[in-house]
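Trainee: Based on what follows, work out the 3D shape:
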Amino acid sequence: MTIRTFMWVSCFSLLMSMQVSAFTLNGKIQGGVLRWDNAIPSIEGIDQTLTSWEPVFGLQPTTSWRPGGYISNGGIFVSVSGPSSSFTLPMYLVGVEYNTGSANPTISEGVGNGISQVCGNTKVTSGNSFILRTREYCVAPFSLDMQYSGQPFYFIRPIFQGRSESITARFIDKEEGIFTGSLPVIIYYEYLSANGTTTYRALPQTLQIQIEHKPSFLTSVEVIGNGIMPPIYDQLNQKVSATTTFSVQANGYFGNGLMMSFSARDYELVGPTNIPYSIVCDGACSQTNIVTAGVLNHNSVVVTASGSNKTTINFNLDVSYDNIDITEVETGTYSDNFIVMFEVNL
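Mentor: I've put the predicted structure just below:
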């Protein structure tokens, strides 16, 4: 009897935040897949933005203003540090989205350069939402004019870019724990002051990053056992029994244990007659009696690591038939094989 092993690899969580406007991005990396909890696609390619707007307070009242980009964009990598390692993430800001709330400004096109040059890529996403997709120190090619003096905008959110596969690749072989970092930036806009001159305001922000990393991956499975089942006869009761043991060692990192999957089928030794057999999981198993007398009880079983060691899981699969009536079997060779699929339990 043999066991064929299939090795599946899996992996990890990502969180982010920004000061002043309290930008916060939450995500999770698990099974090699990055999932954002509070991010949505922006209107430009692979760009993303937050699902919620953050309020901005205390801006100088004005009757006309121009959305701007960044005086300082923070670079194209974010340094993060964890329990025992530090590295960079390929994440960066690519724009700003402004929301004027209920101000309902009028757009004046073609106003030319302001204090800074005109940005090349701007979009109006709704009547009160304006996107500047730029990492540069520049302003929109239009002004937003209001009938009465008031705060120019009330909400803001960053537009960022970071390919999921590039981010998750940085966490391969990294330890479990919390990774943190920050990305300081300065957002810029221009406005008409009370005395009629054009001026600007710089809004320092900090994109704070917090990444919860829970790695899970399977690198190998070693199975030791020859599958030979020598019969043991009970002549007094005219019964026959047999057993064999497969010792299994899984290597990798198991945050939530190792999952075994079994096919739905009859588990019988095939020979001159058929002998149903049982499979028992001996270890820290979620289910012990996987197969009983040829009948599959559980098509998946989770085995957990013992103690604080999450890199190795050891257990046994005991295969046996018990107290089969000798008169129901014939002399001969009996055999079978079954497949067990191993993967990390996410």
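Trainee: hang on, isn't residue 160 packed against residue 92?
Mentor: Yes: counting by Cβ atoms under 8 Å, residue 160 does reach residue 92; the two are 6.8 Å apart. For every residue, glycine as well, the C-beta is placed using N, CA and C.
Trainee: When these two are compared, which one has more neighbours?
Mentor: For residue 160 and residue 92, the more surrounded residue by other Cβ atoms under 10 Å is residue 160, and the numbers stand at 21 against 18.
Trainee: Find the nearest non-adjacent residue to that one, please.
Mentor: Taking Cβ to Cβ, 6 or more residues apart in numbering, and ignoring the residues beside it in sequence, residue 160 has residue 93 as its nearest neighbour in space, at 5.3 Å.
Trainee: Name every strand pairing with the helix or strand harbouring residue 240 and say which way it goes.
Mentor: Residue 240 belongs to strand 239-253 when assigned by DSSP states H and E. Using DSSP bridges, the neighbouring strands of strand 239-253 in the sheet come out as strand 217-224 (antiparallel), strand 232-234 (antiparallel), strand 312-325 (antiparallel).
Trainee: between the ones you listed, which gets nearest to residue 336?
Mentor: Residue 336 sits nearest to strand 312-325 of all those, at 9.3 Å, using Cβ to Cβ.
Trainee: The following helix or strand past the closest one pairs with which strands?
Mentor: As assigned by DSSP H and E, the chain's next helix or strand after strand 312-325 is strand 337-344. Strand 337-344 has the following sheet partners, assigned by DSSP bridges: strand 2-7 (parallel), strand 258-262 (antiparallel).
Trainee: Lowest mean pLDDT across the ones you listed, which one is that?
Mentor: With a mean of 33, strand 2-7 has the lowest mean pLDDT of these.
Trainee: Identify all residues paired with residue 108 through a beta bridge.
Mentor: Note on residue 108: beta-bridge partners residue 143, judged by DSSP bridges.
Trainee: Show me what counts as buried in the strand holding residue 240.
Mentor: Applying a neighbour-count criterion of 16 or more other Cβ atoms under 10 Å, one finds 240, 242, 244, 245, 246, 248, 250, 252, 253 buried in strand 239-253.
Trainee: ok now that strand, how far from the chain's centre?
Mentor: Strand 239-253 sits 34 Å away from the centroid of its parent chain (Cα atoms, centre = their mean, to the nearest Å).
Trainee: between the strands paired with strand 239-253, which gets nearest to residue 53?
Mentor: Across those, residue 53 has its closest neighbour in strand 217-224 (37.4 Å, Cβ to Cβ).
Trainee: Break down the protein into its helices, ranges please.
Mentor: Using DSSP state H, the helices of the chain run over residues 164-169.
Trainee: For residue 275, see how far away the residue of it most remote from its centre is.
Mentor: In the chain, the residue that sits farthest from the middle, by Cα atoms, centre = their mean, is residue 236; the gap is 60.6 Å. According to Cβ to Cβ, to the nearest Å, residue 236 and residue 275 sit 21 Å apart.
Trainee: and if you look at residue 345?
Mentor: For residue 345, the distance to residue 275 equals 32 Å [Cβ to Cβ].
Trainee: what do you get for residue 142?
Mentor: For residue 142, the distance to residue 275 - Cβ to Cβ - is 83 Å.
Trainee: now do residue 319
Mentor: To residue 275, residue 319 is 11 Å away according to Cβ to Cβ.
Trainee: Compare neighbour counts for the two and give me the winner.
Mentor: Comparing residue 319 with residue 275 by other Cβ under 10 Å, the one with more neighbours is residue 319, at 25 against 21.
Trainee: Show the contacting residues for the more buried one.
Mentor: Counting by Cβ atoms under 8 Å, 6 or more residues apart in numbering, residue 319 touches 1, 227, 229, 243, 244, 245, 246, 277, 278, 279, 280.
Trainee: before we move on, what about residue 101?
Mentor: Contacts here follow Cβ under 8 Å, 6+ apart; on that basis residue 101 touches 128, 153, 154, 155.
Trainee: Which ones among those residues map onto strands?
Mentor: Of the contacts of residue 101, the ones assigned to strands by DSSP state E are residue 155.
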